[in-house]
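In: Predicted model and sequence below, questions to follow.
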Amino acid sequence: MANLNKKNYDTDEDYPIMEGNRTFMAKNLTKELYRKLRDEHTSSGFTIDNCIQNGVDNPDFTLGILAGDEETYTKFAELLDPCISDYHNGFSKDQNHVTDLDVSKIKDDVLDENFVISSRIRTGRNLRGFCLSPWICRSERRKVEKLVSSALGSLTGDLKGKYYALPSLSEADQKQLIDDHFLFEKPISRHFTSGGMARDFPDGRGIWHNEQKNFLVWVGEEDHTRIISMEKGGDMKKVFTRWADGLKKVEDYIKQNGSEFMWNEHLGFILTCPSNLGTGVRCSVHVKIPLLAAIDKEAKLKEICKKLRLQERGTSGELTEAVGGVYDVSNLDRLGSSEVEQVNRVIDGVKLIIEMEKRLQKGESIDDLIPQ
């Protein structure tokens, strides 16, 4: 619960050091606002100091805030709303997010597999009534795991699969999950440790995948669940269809057992980190574009992706380098546009990027293709 001893001290004596802190948290958390919020807490006991610890410990981060429960976003809205607006393209406290999982609206284009290696869609989902990972207690986490693993165990047909609880993972299963690149290990990055999300690992954590190994769920990482659909090649509609189908069936089971995914009209799906609010979707394509990437040492590619509202990075994750001219290209936006819009934006953007690479292979100009 909240540290009640704080009330014996003036709020100004508790105010964090903000000099040199580049986070949106530091930009928006004035002394006046801190005075107002310091002694408040959500129903589960999560405080403004818990919320900002990630940014206090890591002044080089972008956001610097994490939610401990669903109520965090309303209880501390005076801080979170401007931070969300700063991060999400000016999305205001008066706007509502649009959710759209209609598979029929996804474009049928299959991306050129001479350039596209693989396609995937992932999102996070949290269960209403439980705290989020920075604040969840052991019994809650175990209950979430039991509910989610039971839901996954109810899947049939192409979605039928197996759940692996990390604490009881056999050596053979561990080796297989490592070979499949499915295993997630103890989170040791600053983001996880200062946010309190690595506590009690591996208690209450697990991995599930279907028999075809193209639908995967992590349980108990940054969010209660991370749901991933993937496919070799460029058929993004097929990837989306499986992903949306699995999401619906898992939530239907969870609803029958007393919970549901956290969602509201304003912020869409509620995730631990405000950067993922809205859809929580990361729709990504591994695409081979060495010639385009070579222009101005990736500067042209970065410029093009930004104009297309896309993000480029290495295929091994954020802040990694591309190898062999293969880049991970994904949607930049999460909040303020729907799942369908974000996935279609990736399809259209990657098609254009591939067309540029084809032009460059022929020694032709791409100037007329560059978005303004």
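Out: Happy to help now that I have it. The model shown is predicted, which means the values in this text are computed figures rather than measured ones.
In: Partner strands of the top strand by length along the chain and their direction?
Out: Secondary structure of the chain per DSSP state E: the longest strand is strand 116-125. Here strand 116-125 is paired, per DSSP bridges, with strand 225-232 (antiparallel), strand 282-288 (antiparallel).
In: got those as a markdown table, with mean pLDDT columns?
Out: As requested, the strands paired with strand 116-125 are exported to a markdown table (pLDDT from 0 to 100):
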| stretch | mean pLDDT |
| --- | --- |
| strand 225-232 | 96 |
| strand 282-288 | 96 |
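In: now these in a markdown table, with distance to residue 148 and mean neighbour count?
Out: All C-beta atoms are positioned from the backbone trio N, CA, C, and that covers glycine. Below are these laid out as a markdown table (distance: least, CB to CB, whole Å; neighbours: other CB atoms under 10 Å):
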| stretch | distance to residue 148 | mean neighbour count |
| --- | --- | --- |
| strand 225-232 | 6 | 20 |
| strand 282-288 | 20 | 23 |
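In: May I see the ones you listed arranged in CSV, with distance to residue 89 as well?
Out: Formatted as CSV, the strands paired with strand 116-125 follow (distance: least, CB to CB, whole Å):
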stretch, distance to residue 89
strand 225-232, 24
strand 282-288, 16
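In: Now the element after the helix or strand harbouring residue 255, going C-ward?
Out: Assigned by DSSP states H and E, residue 255 belongs to helix 236-256. Per DSSP H and E, the first helix or strand lying C-terminal to helix 236-256 is strand 263-264.
In: For the very next helix or strand once past that following strand, what is the distance to the chain centroid?
Out: Per DSSP H and E, the first helix or strand lying C-terminal to strand 263-264 is strand 268-269. Here strand 268-269 is found 12 Å from its chain centre; the criterion is CA atoms, centre = their mean, to the nearest Å.
In: So which bits of the lengthiest helix in the chain are buried?
Out: Longest helix in the chain, counting residues (DSSP state H): helix 339-361. Neighbour counts over helix 339-361 (16 or more other CB atoms under 10 Å) mark 339-347, 349-354, 356-360 as buried.
In: Show me the shaky parts of this structure.
Out: The model of the chain has pLDDT under 70 over residues 1-2, 317-320.
In: can you give me the helices for it?
Out: 11-14, 24-28, 31-37, 48-57, 72-75, 77-87, 138-153, 171-179, 190-194, 236-256, 290-294, 299-307, 339-361.
In: Residue 60: what's it in contact with?
Out: Contacts for residue 60 were tallied using CB atoms under 8 Å, 6 or more residues apart in numbering; they are residue 22.
In: try residue 160
Out: Applying CB under 8 Å, 6+ apart, we find residue 160 in contact with 210-211.
In: Got the phi and psi for it?
Out: phi -60, psi 140 (degrees, to the nearest 10).
In: Kindly report the same for residue 280.
Out: With angles defined as degrees, to the nearest 10, residue 280 sits at phi 70, psi 10.
In: sorry, back to before: buried ones in the helix holding residue 255?
Out: Under 16+ other CB under 10 Å, the buried positions of helix 236-256 are 236-240, 242-247, 249-251, 253-254.
In: next one: stretch 199-214
Out: 199, 201, 204-210, 214.
In: same check, this time on stretch 142-154
Out: By 16+ other CB under 10 Å, the buried positions in stretch 142-154 come out as 143-145, 147-149, 151-152.
In: mind putting those residues in a markdown table, distance to residue 231 included?
Out: Listed next are the buried residues of stretch 142-154 as a markdown table, based on distance: CB to CB, whole Å:
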| residue | distance to residue 231 |
| --- | --- |
| 143 | 33 |
| 144 | 28 |
| 145 | 27 |
| 147 | 28 |
| 148 | 23 |
| 149 | 24 |
| 151 | 23 |
| 152 | 20 |
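In: Enumerate every residue touching residue 38.
Out: Residues in contact with residue 38 (CB under 8 Å, 6+ apart) are 6, 11, 14, 47-49.
In: One more pass at 10 Å, please.
Out: Applying CB atoms under 10 Å, 6 or more residues apart in numbering to residue 38 gives the contacts 2, 6-7, 9-12, 14-15, 47-49.
In: could you flag which of those residues are buried?
Out: Buried residues within the contacts of residue 38, defined by neighbour count using 16+ other CB under 10 Å: 2, 11, 47-49.
In: Adding distance to residue 263, write these out as JSON lines.
Out: As requested, those are exported to JSON lines (distance: CB to CB, whole Å):
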{"residue": "2", "distance to residue 263": "27"}
{"residue": "11", "distance to residue 263": "34"}
{"residue": "47", "distance to residue 263": "24"}
{"residue": "48", "distance to residue 263": "24"}
{"residue": "49", "distance to residue 263": "27"}
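In: and of those residues, the nearest to residue 106?
Out: Within the buried ones among the contacts of residue 38, proximity to residue 106 (CB to CB) peaks at residue 48, which comes in at 40.3 Å.
In: Give the closest residue to that closest one in space, chain neighbours not counted.
Out: Using CB to CB, 6 or more residues apart in numbering and skipping residues adjacent in sequence, the residue nearest residue 48 is residue 37, 4.3 Å away.
In: so who does the residue nearest to residue 250 when sequence neighbours are not counted touch?
Out: In this structure, residue 250 finds its nearest non-sequential neighbour in residue 151, 4.7 Å apart by CB to CB, 6+ apart. With contacts defined as CB under 10 Å, 6+ apart, residue 151 is in contact with 127, 208, 217, 225, 249-257, 259.
In: Equivalent analysis for residue 233, please.
Out: Counted by CB under 10 Å, 6+ apart, residue 233 has contacts 110-113, 116-119, 239, 285.
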